[in-house]
Structure formats: structure tokens, C-alpha cells
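[1] give the three-dimensional model of this entry:
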Amino acid sequence: MEDNRAENRPQSGIQTREQEGRTASARGNGQKQRGREYAEAQSRAQGSRYAGVQSRERGSGYTGAQNFAQSRERGGRYTEGQSRERGGGYAGGQSRERGGGYAGGQSRERGGRSTGNQGHVQGREYAGGQNRGQGMPRNRAGMPLSEEEYRRERARRRRERLIRRRRKVLLGLTAAAVILLYGITNLILYGVVSRYPKDVICKNIYIGAVDVSGMSKKEAKAAIEDQLEKDRAKSVSVEFGGKSAKGKLEEFGLRYTGVDKVVDQAMDYGKKGSLWSRFWKLRKTSKKLVLEEKLAIDKEAGAAALSVHSDALTDRAKNATITKKGSKFKIKKEQDGETINAQDFLKKLERHLNDNWNHKEIRVKGKAEKEKAAVTSEDLASVKDELSSFSTDAGSGERVQNLKTGVEKVNGTVLMPGEVFSMEEKTKPYTEENGYVLGGSYEGGRVVESYGGGICQVSTTLYNAVIYAELEIVERYPHSMLVDYVSPSRDAAIAEGLLDFKFKNNYDTPVYINGGIDDSNQLYFEIYGKDTREKGRTIEFESEVLSTEEPGTTYEEDSELPFGQIEAVSGAHTGTEAKLWKIIYQDGEQVSREEFNSSSYQKADTIYAVGTQTDDADAAARVREAIATQDETQIYAAIGGTQ
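    The predicted structure is shown next:
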């Protein structure tokens with residue numbers, strides 16, 4: 001074994017590649033075979049291997065005089081006498097494993113094995129001068145450093161470590177200072193922003209023209225609604241063709257949109273977000289801050305108002321009209337015209353309202369557009385048949401004037417297919433300027449005087465004509481108490497802003513309404529059109545009273561009426577539950593009977609006013625006590641005993 005190693009050991013510490021090549025060629029295949037036999041004889045446990053004179057375990061390379069063309073084990077590469085394994089380089093008989101260098105026939109096996117001149121256990125070997133083991137610093141050429149170089153390297157590394165430590169300390173101090181500064185700043189900012197109450201709006205904040213500073217949400221909304229009422233009273237000047245007509249913003253349906261949103265925005269200003277953002281927002285409140293409200297126009301109401309005011313400014317289209325003279329109809333041909341473009345006008349008006357409006361009168365110029373007549377003579381040519389008629393007694397007194405005014409406003413109405421008629425819209429407002437006088441009407445369970453009193457008789461008469469024409473009822477209300485001009489459940493009450501009577505033309509052709517008060521003092525309505533109902537078909541309506549409640553007598557004090565005087569204030573009305581039946585006949589035979597509507601009428605007592613105006617306080621007190629009992633005998637006794 002020693003002889004074989006002697007043969008295979010290089011003659012000098014370092015051989016050139018050329019020498020290694022010549023040695024490998026000289027030995028040939030025979031030498032290779034002997035190396036294998038030797039390796040087998042000298043193999044060790046746990047994966048040790050030996051080839052030629054040199055041994056390699058777990059990454060040891062084989063170089064030197066014995067060269068096996070090329071050999072690889074676990075990533076090691078051996079060519080021309082050089083061997084590398086896991087980062088170790090071997091040249092000229094030198095061997096390196098995991099940081100240990102081997103030269104001049106020296107060999108190292110993990111766990112401490114040395115051959116040749118010197119061996120060192122645990123990863124250190126020395127050969128031909130000095131060689132350091134595992135972990136020894138090396139230069140760029142892969143050679144171990146000298147002692148002097150090694151000392152300098154260690155000093156350099158110590159300096160670098162010191163610099164790194166100093167940098168870490170400086171960085172930590174800087175971070176601590178920043179965190180401390182941030183904390184102090186946040187405490188200061190929190191102290192500033194927390195001074196503002198959370199449940200009221202900050203100072204100097206306006207919503208449009210309304211100063212909402214210091215208000216709660218509820219108060220801010222109420223203030224905005226108050227401003228809206230003021231704005232709705234402002235004028236709009238409609239200008240067209242050198243002329244103008246004025247209306248109120250209320251007519252155009254002025255309203256706010258997004259009130260809740262803008263109030264929330266005002267309340268949250270400077271109270272949400274980071275401390276910095278809140279602080280900078282609150283700084284802005286040192287001056288007036290305006291949050292814009294959003295104003296809008298109701299399109300339907302606006303178009304209707306514009307139509308009314310543009311009548312005096314434009315030559316509007318004129319519908320064909322129809323009148324009844326005796327048994328014949330006379331039709332007047334339609335005329336086309338021009339009007340103001342509603343969409344353009346309302347868009348301009350809304351833009352003006354939201355463009356820094358100063359809450360004063362607004363002037364808007366109208367844009368002309370051609371207008372076609374909605375009803376033509378051709379449409380009215382189909383109106384030939386009487387669909388229904390109904391009448392009630394007009395009575396007497398001042399209220400008759402209200403009946404005349406109301407029926408005149410309805411007379412001549414042409415309702416196109418699918419069109420809805422509104423009695424309230426057709427006859428209001430119920431004012432002296434619109435032709436109405438004071439008349440009796442129901443209010444609070446008694447009869448009172450009001451302008452337009454009696455107009456409900458007009459709507460009731462029309463209602464009965466409509467149901468006989470079998471037009472579609474859209475909206476109908478009974479009176480609060482029974483009326484005496486029709487049977488229960490055949491009435492139709494109206495009250496401005498509260499109750500309305502509406503119906504729809506469900507025919508395929510126009511219907512024409514003719515009405516008036518005839519020479520017999522009968523208030524009447526006749527409805528004409530094209531009757532498409534089956535021949536021989538007739539209808540009738542029958543009122544049925546389901547229950548009644550008799551009225552009583554109520555006494556009330558009147559301190560302005562002379563003492564002891566008693567006057568009737570309001571008449572009695574029987575409480576009633578009723579329904580209306582619709583009965584259909586075909587050729588005189590009943591074919592159906594169905595409930596058409598139901599009505600409930602409240603009871604109303606006869607009300608007497610008892611006078612207590614006197615200088616005798618004791619007498620007045622005795623009468624008041626008697627009135628409180630509602631006993632007629634005691635009331636008269638209190639009055640008589642005093643007199």
C-alpha cells in the first residue's frame with residue numbers, strides 16, 4: 001500500500017496540467033484497474049471511497065498522478081488533474097474539501113484523516129508551508145490568506161461590525177424620536193379637534209343661504225325648510241317675444257333634493273377622518289364655508305305653470321271644439337300655434353337656481369316651438385251618441401252662484417281616449433276672484449260658510465252621469481255627512497288639496513261633457529261620444545242603507561250671545577252606513593248585480609248656542625254649569641232662575 005501511494009504521489013507539491021496529462025497517459029488502463037482494486041481493499045464504512053493514492057469522502061476530489069479521464073460524485077467535477085467538489089478547487093495535486101486546502105500529497109477525510117507529510121484532525125491541515133482548515137478566509141484566487149492578511153481582514157470586519165452597530169443605534173434613536181414627535185403632535189391635534197362638539201354643526205358653516213352653525217341635524221333641516229318656503233314665494237319672470245309674465249316658484253314645484261345628505265355633510269365636517277385632515281378642515285371654518293344645496297323643479301308642475309303663463313305671451317294652438325245646439329252638434333276646426341319649449345325653459349330655470357342664486361326674482365327667456373292642437377275636428381266627428389245624463393235640483397240662495405260657476409268650468413270638456421279628468425283641477429281655486437261666493441259646506445261635523453260652498457253638488461251630479469256612461473272611476477270620496485240632493489253612496493265630495501273626483505275615458509273615441517242649469521232650475525250633465533255598448537243593454541244603480549245612528553242635541557256656550565238666548569247653530573245628520581249596487585239588464589232582464597261602492601257618514605247632533613253675555617258673573621257661572629250637564633231642563637232652569 002505504501003508503495004502504491006509512492007507511485008501515485010506527485011513528485012512536487014504542484015504539477016502543471018501538462019505534467020498531469022503525461023502521467024495519466026503513461027499509466028493507461030492498467031493503472032486505472034489497480035486503483036479500483038486498491039479502493040475496494042481500502043474502502044471504509046459510511047460512504048468512504050478511495051481511488052488511486054488519494055481518498056475522497058463526501059465531496060473529496062481525486063487528482064494527481066492518477067487521472068481517470070473525468071469523474072463526478074455529488075456535484076464534484078474532475079478534469080486534467082483538477083478536482084472540484086461543492087465549491088472546492090484542486091489544481092496541481094492540491095485538494096480542498098469544505099474550506100480545507102490540501103497540497104503536496106496531503107489528504108483529508110471528514111472526521112480527521114491525514115496522509116502524506118502532515119495530517120490534521122477536525123478540518124485543519126498544513127503542507128509545504130502553512131495551510132488553514134475549514135472556515136479560513138481566502139483571497140480571490142482561492143488561496144489561504146497569510147497571517148498579516150488574515151489580521152487585516154479581521155480588523156476590517158470588526159470595523160464593519162462596529163459601523164453596523166452604530167447605524168442600528170442611530171436608526172433606533174431616530175425612529176424613537178419620530179414616534180415620540182408623532183405621538184406629541186397627535187395629542188396636540190386631538191386636543192384641538194376634541195374641543196368641537198359632536199352633536200352640533202361647527203361654526204361658520206352655511207347650507208346655501210342658511211347659517212347652520214351650532215345647530216343639530218333636526219334644527220338644520222327645519223331652518224332649510226323655512227328658507228325653502230321663503231324661496232317658493234319668490235317670482236319667476238317668463239320672458240318671450242319682448243313680453244313677460246310672472247309666476248311664483250311655488251307654482252313650478254320648487255323643492256330641495258338631498259337635504260339629509262347635505263345636513264349630514266355639514267354635521268360631519270371636521271369630525272371624521274384622520275386627526276390631520278380634521279384639523280385642516282376645522283382651520284377652514286375660521287371663514288365662511290358654504291355647502292351648496294341642490295334645488296330642483298318638479299317637471300310636471302313646472303310644465304303646467306309654464307303653460308298657464310305662456311298663454312299671454314304666445315299664440316297657442318287651439319283645439320277643435322264641439323257644442324250642442326238643440327239636437328245637433330256644431331264643431332269648430334282646430335288651429336296650430338306656438339308655445340314655449342317647456343323642457344328648455346325648466347332646464348334653464350333649474351340651472352339658474354343652482355348657479356349661485358341670490359334668492360331674488362329670476363328672469364328666464366323662453367324658446368319658441370310649434371304646437372299642434374291636441375283635439376282635431378276629425379276626432380270630434382265621432383261624437384254623436386248620448387252615453388248618459390243626470391240632474392239634481394239646484395235649490396236657492398247664494399250657493400246657486402257657486403253651482404253656476406262650477407258647471408260652467410266643466411261644460412264643453414272634451415276628454416280624449418285614456419285621458420283622466422280631475423274635478424278639483426278643473427274648478428279650483430275656490431276664491432272670490434275665481435267666481436265663487438260664500439256658501440254652506442261641511443267642516444268638523446257641522447255646516448259652515450266658505451267660498452265655493454255647494455261645489456260638491458256639481459261634482460256629485462257629474463259623478464252620477466259618469467257612472468251611467470260607464471266611464472272608469474279613478475278617485476271618489478263620500479261626504480263626511482249625508483247630503484239631501486242624492487241617495488246615500490251616490491255622492492262625490494271635493495275639497496281643495498284634500499279630496500278630488502277623478503275619472504278616465506275608457507272609450508276608444510273622445511267624450512264630450514255638456515252641462516248647465518236649465519229653466520227648471522235643474523243642474524244637469526250630459527255625456528256624449530260613440531256608444532259601443534251592446535244593443536239592448538241598460539244599467540241601473542241602487543242605494544242600500546246598511547245601518548243608521550240617530551243624532552242627539554248638543555248645547556254650547558256662546559259668550560258673545562246675550563244671556564239666556566238660544567240659537568240653532570247646525571242641523572242634525574243621521575249617521576249612516578251604505579253601499580251602491582250596479583245592476584245590469586239585457587233586453588229588460590237582470591243579468592248581474594254587483595257592489596259598486598260603499599260609504600260611511602258620521603252622525604252630527606243638532607247644535608244650539610246658549611248665550612252667557614251678562615254682567616252677572618254668578619248667573620253666567622250657573623248657566624255654564626248647566627251646559628256642562630247637557631241637560632235641557634237644567635239649562636232652561638238656570639236661565640229662568642236668573643231672569
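[2] low-confidence regions, the stretch 101-250 of the chain specifically.
    101-137, 139-140, 186, 188-197 (pLDDT under 70).
[3] for Lys428, which non-adjacent residue is spatially closest?
    Nearest non-adjacent residue to Lys428, counting by CB to CB, 6 or more residues apart in numbering: Glu496, 5.2 Å away. Heads up, the C-betas are built off the backbone N, CA and C, glycines and all.
[4] what's around that neighbour, how many residues?
    Glu496 has 16 neighbours, counted by other CB atoms under 10 Å.
[5] per-residue pLDDT, it?
    For Glu496, the model assigns a pLDDT of 93.
[6] give the contact list for it.
    Glu496 sits next to 424, 428-430, 452 when contact means CB atoms under 8 Å, 6 or more residues apart in numbering.
[7] buried ones among these?
    424, 428, 430, 452 (16 or more other CB atoms under 10 Å).
[8] correct me if wrong: the last one contacts Gly435.
    If I follow you right, that is Gly452. No. Between Gly452 and Gly435 there is no contact under CB atoms under 8 Å: 9.3 Å.
[9] number of residues surrounding Lys332?
    Around Lys332 there are 13 residues (other CB under 10 Å).
[10] so what sits opposite it in the bridge?
    Here Lys332 shows beta-bridge partners Thr321, assigned using DSSP bridges.
[11] contacting residues around it?
    Contacts of Lys332 by CB under 8 Å, 6+ apart are 320-323, 377.
[12] for Ser391, same thing?
    So Ser391 contacts 461, 518, 522-525 (CB under 8 Å, 6+ apart).
[13] just say helix, strand or coil for it.
    At Ser391, secondary structure determined by DSSP: H, G, I helix; E, B strand; the rest coil is strand.
[14] try Gly440
    Put simply, Gly440 is strand when judged by three-state DSSP.
[15] identify the bridge partners of it.
    Beta-bridge partners of Gly440, counted by DSSP bridges, are Glu449.
[16] quickly note the distance from it to Val400.
    According to CB to CB, to the nearest Å, Gly440 and Val400 sit 12 Å apart.
[17] if we can go back for a sec, just want the phi and psi numbers for the residue nearest to Lys428.
    Taking degrees, to the nearest 10, you get phi -60, psi 120 for the backbone angles of Glu496.
[18] next: Gln602.
    In terms of degrees, to the nearest 10, the main-chain angles of Gln602 are phi -80, psi 160.
[19] so what's it up against?
    Gln602 makes contacts with 445, 480-481, 573, 575, as judged by CB under 8 Å, 6+ apart.
[20] the helices in the stretch 401-550 of the chain, which residues?
    Under the criterion DSSP state H, counting those that start in this stretch, the stretch 401-550 of the chain contains helices at 423-427, 455-469.
[21] so Leu346 is in which element?
    Per DSSP states H and E: Leu346 is located in helix 342-353.
[22] mind listing what's buried along that helix?
    Buried positions in helix 342-353, judged by neighbour count with 16+ other CB under 10 Å: 342, 345-346, 348-350, 353.
[23] what is it packed up against?
    Contact analysis of helix 342-353 by 3 or more CB pairs under 8 Å, 6 or more residues apart in numbering; DSSP states H and E lists strand 294-297, helix 299-310, strand 362-365 as its packing neighbours.
[24] between those, which one is nearest to Val466?
    Among those, the nearest to Val466 by CB to CB is helix 299-310 (23.6 Å).
[25] for Asp531, which non-adjacent residue is spatially closest?
    In space, and not counting its chain neighbours, Asp531 is closest to Asp385: 4.0 Å by CB to CB, 6+ apart.
[26] I'd say Phe421 and Asp500 touch.
    No. Counting by CB under 8 Å, Asp500 is not a contact partner of Phe421; they are 10.2 Å apart.
[27] what is the end-to-end distance of stretch 521-539?
    End-to-end distance for stretch 521-539, by CA to CA, to the nearest Å: 26 Å.
[28] what mean pLDDT does that stretch have?
    Looking at stretch 521-539 alone, the average pLDDT works out to 96.
[29] just stretch 554-570 next, same as before
    Mean pLDDT, stretch 554-570: 92.
[30] and it, how far out from the chain middle?
    How far stretch 554-570 lies from its chain's middle: 58 Å, per CA atoms, centre = their mean, to the nearest Å.
[31] before we move on, what about stretch 567-576?
    52 Å.
[32] contacts for it, please.
    Counting by CB under 8 Å, 6+ apart, 445-447, 481-482, 488, 545, 547-553, 556, 558, 561, 599-609, 611 sit against stretch 567-576.
[33] now with 6 Å?
    446-447, 481-482, 488, 545, 548-549, 551, 601-604, 606-609 (CB atoms under 6 Å, 6 or more residues apart in numbering).
[34] quick one: buried ones out of the residues you listed?
    446-447, 481-482, 488, 551, 601-604, 607-609.
[35] want to try JSON lines for these, with distance to Tyr206 as columns?
    Converted to JSON lines, the buried ones among the contacts of stretch 567-576 look like this (distance: CB to CB, whole Å):
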{"residue": "Arg446", "distance to Tyr206": "48"}
{"residue": "Val447", "distance to Tyr206": "50"}
{"residue": "Met481", "distance to Tyr206": "51"}
{"residue": "Leu482", "distance to Tyr206": "55"}
{"residue": "Pro488", "distance to Tyr206": "58"}
{"residue": "Pro551", "distance to Tyr206": "58"}
{"residue": "Tyr601", "distance to Tyr206": "53"}
{"residue": "Gln602", "distance to Tyr206": "50"}
{"residue": "Lys603", "distance to Tyr206": "54"}
{"residue": "Ala604", "distance to Tyr206": "52"}
{"residue": "Ile607", "distance to Tyr206": "53"}
{"residue": "Tyr608", "distance to Tyr206": "58"}
{"residue": "Ala609", "distance to Tyr206": "54"}
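[36] thanks again, I'm all set now.
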